[in-house]
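Asks: Next one to model:
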Amino acid sequence: MTATVEQALRWMAREGARMSNAQAERYGRELERMYGMGIALTAENVAAAARKRTSPLHDWFTWKDDVAADQWRLYEARNMLRGIAFVVEEGDEVPEPLRFFVALRIERDGEEDVEYLPMPVVHANPDLEAQALRIAAKELAAYREKYGRLKRLEQIVNWAKLDDLLAEVAA
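Replies: Sure thing, here's the model as predicted:
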């Protein structure tokens, strides 16, 4: 049965979310309350509601401007790296832009961090390519979680093949 806003909801953090289930419960209840009051759940409205120190949403946000500014620049850097594409021109074909950098977890000097690597480097290294495939499979699974109940999508997407891929990369 699909949950509707009128039903009693229990909130929890999605896998990979950077919040606890208790936080997800608190935030979910507040967002549900706002929605019930007719407040559109836009980023602007949520951030505005969170400004009050008494808001259940307040602790999710960074309120120290210097820290928030640094986090914003990191966000911009990630967007820049994700936004760069390359094209391979072959004959008269219209070139299709391809993503050039992919974010992978890399260990250097005993420290693990997310690093953006050129796709040709990833394709040339079986371990990196396997990591990229695991990430792609997880992203496809998240896509299915988000949109999988759309009937039209069920007609054109073979979810069983995704399950096969997920089992393959988990092994």
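Asks: This protein: strands as residue ranges?
Replies: 85-86, 98-99, 101-108, 111-118 (DSSP state E).
Asks: Any chance of those strands in CSV with mean pLDDT and distance to K151 as columns?
Replies: Every residue, glycine included, has its C-beta placed from N, CA and C. Output for those, formatted as CSV (pLDDT from 0 to 100; distance: least, C-beta to C-beta, whole Å):
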stretch, mean pLDDT, distance to K151
strand 85-86, 78, 33
strand 98-99, 78, 30
strand 101-108, 86, 32
strand 111-118, 86, 36
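Asks: out of those, deepest packed?
Replies: strand 101-108 (a mean of 14; mean count of other C-beta atoms under 10 Å).
Asks: Can you name the residues in contact with it?
Replies: 78, 81-82, 84, 112-119, 122, 128, 131-132, 135 (C-beta atoms under 8 Å, 6 or more residues apart in numbering).
Asks: can you list the domains in this structure?
Replies: Structural domains annotated on the chain: 1-61, 63-99, 101-171, as defined by automatic domain parsing.
Asks: roughly how far is the second one from the heart of the chain?
Replies: Chain-centre distance of domain 63-99: 15 Å, with C-alpha atoms, centre = their mean, to the nearest Å.
Asks: Now do the residue nearest to M19 when sequence neighbours are not counted against W60, distance only.
Replies: Nearest residue to M19, sequence neighbours excluded (C-beta to C-beta, 6 or more residues apart in numbering): A13, at 4.9 Å. The spacing between A13 and W60, counted by C-beta to C-beta, to the nearest Å, is 12 Å.
Asks: do D163 as well
Replies: For D163, the distance to W60 (C-beta to C-beta) stands at 33 Å.
Asks: In space, what's closest to R29 - neighbours in sequence excluded?
Replies: R29 sits nearest to W11 (C-beta to C-beta, 6+ apart), 6.6 Å away.
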